[in-house]
Structures are given as structure tokens and as C-alpha cells.
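Asks: Sequence unavailable; structure follows:
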């Protein structure tokens, strides 16, 4: 097993007033040549958007975009005709494919919205753009893995599919509890992100917003030092040209 630790305080940071963003990988004006991507995982942004503010209409293409709201409400509109509001425990997927415009705006005039936006390189280009949003129960991830993202080839389960051999799972671990994660596909790599709390893995202590990239593994064991929430992103290993 090979590992690389990404500490929360080493992330890129951009505060635009209306947007306070932390970047796990190079994004916009923040560039770190050692943190461009991890396998097919290209972007992991930890965003806080002020009341009534947001990202105006803008384009994307050939990217799988996953949004997870942590607090507050996020209003989505896109060129496919979708309008929706996301809240905590909702998962949104947009396959940008051959091109789509969308906006993401804080639905509230009173409180900030906190969210993660994640980009994954697709396994095919120029698909017809698509959008899906689904709510997942808190109980479904209590001291176990709750699959929220799956490959388009996987027909079983309630997870939302993307065009990539990737699996995303959430878990809420009670302090002192242990959980095992097993690799979904040979040669896939795992990016484990600690949303909240503290955990121990492979002799390393990971705190809130820390992450660990893992390759060449079969299973890993994680123990919660305090109540913790984890996001496991199991993606193909790819090399950018």
C-alpha cells in the first residue's frame, strides 16, 4: 500500500468576499504542480457562499460534476431546463458532456451555504448532458458505507451514476468505531477525505478536512477517534498528458 497525506491547512485558499473557498487541487488562480489531480479526481472544492450570492451562468464540458451540500440551501438552474434546490444530504450530479450552462446560487438571503463541488474526468467525451439529484438518508451511513456515486455500468443500488469507473461513499462513524473499505476495482486509487472529526488509518492521524490518497491496496481499516464523517472517492488511476 502506498499513501500520500494531504493536510487541510495545505489546501489552496481564495476569499472573494461572497465566496470563501478551499481547494484540494489546483483551481482557478491557485496552482500547485504537485496537486493537479489524484487519479481521475480533478477538483475538490470546499466552498462557503454568502447569503443571496453564487456562481452565475457559466459553461462546462466533458466533466462529471458532483455537488454535496453540507449546510444551507443551494439553487441550481441549467440549460437543460432543470431548476432545483439542494440541501444537506442531497447529492447532485451533472454530466457536462458536449456542453452545458448552469448557475449555482445560495437560495437563502439570511445564511451562508456550505458545499463540496467535485469534478471527475469522464471515461468518454461528448455525451449528451444529463442532470440528476437525489436525497440520501442519514441512517443509511451510520457506522457503515453509503454508496452515493457509482459507474454508469452498475445497474444495482440507489447511487447516482457517472460516466467513470468510480464509486463515492459516505460514512458517519461514532467515536471508537472501526470500518473497513475495500477497493472496488483493480488499479483504482482511493482518496479518503475527512469531512468532520478525527480518524486513524495506517498509523496516521487524520483531522477535520485532512485527506489521504491510497494506491496499491486491497482493504484499509479506519478507526474514529471522535465522531467523524468520511467521504471515500474510489477512482481510476490516470495520467494527464
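Replies: Sure thing, it's come through. What you see is a predicted model, and the numbers here were worked out from it, not measured in a lab.
Asks: what pairs with the closest residue to residue 173 other than its chain neighbours across the strands?
Replies: Sequence neighbours aside, residue 224 is the residue nearest to residue 173 in space, at 3.8 Å (criterion: Cβ to Cβ, 6 or more residues apart in numbering). In short, each C-beta sits where N, CA and C put it, glycine included. Beta-bridge pairing of residue 224 under DSSP bridges involves residue 199.
Asks: Show me the contact partners of the helix or strand of the chain with the lowest mean pLDDT.
Replies: The helix or strand of the chain with the lowest confidence, counting by mean pLDDT, DSSP states H and E, is strand 54-60 at a mean of 90. Outside strand 54-60, the residues within contact range by Cβ atoms under 8 Å, 6 or more residues apart in numbering are 18, 49, 74-75, 77, 94, 96, 99-106.
Asks: can you do 6 Å?
Replies: Where contact means Cβ atoms under 6 Å, 6 or more residues apart in numbering, the residues beyond strand 54-60 that reach it are 96, 100-101, 103-106.
Asks: Quick check on these: which are buried?
Replies: Listed as buried from the contacts of strand 54-60 are 96, 100, 104-106; burial here means 16 or more other Cβ atoms under 10 Å.
Asks: what sits against the residue nearest to residue 173?
Replies: Contacts of residue 224 (Cβ under 6 Å, 6+ apart): 173, 175, 177, 199.
Asks: which one of these sits closest to residue 212?
Replies: Within the contacts of residue 224, the smallest distance to residue 212 is 9.5 Å, found for residue 199 (Cβ to Cβ).
Asks: so that closest one makes contact with residue 226?
Replies: No - with contact defined as Cβ atoms under 6 Å, residue 199 does not reach residue 226; the gap is 8.4 Å.
Asks: Same question for stretch 36-51: list its buried residues.
Replies: In stretch 36-51, counting by 16+ other Cβ under 10 Å, buried: 37-50.
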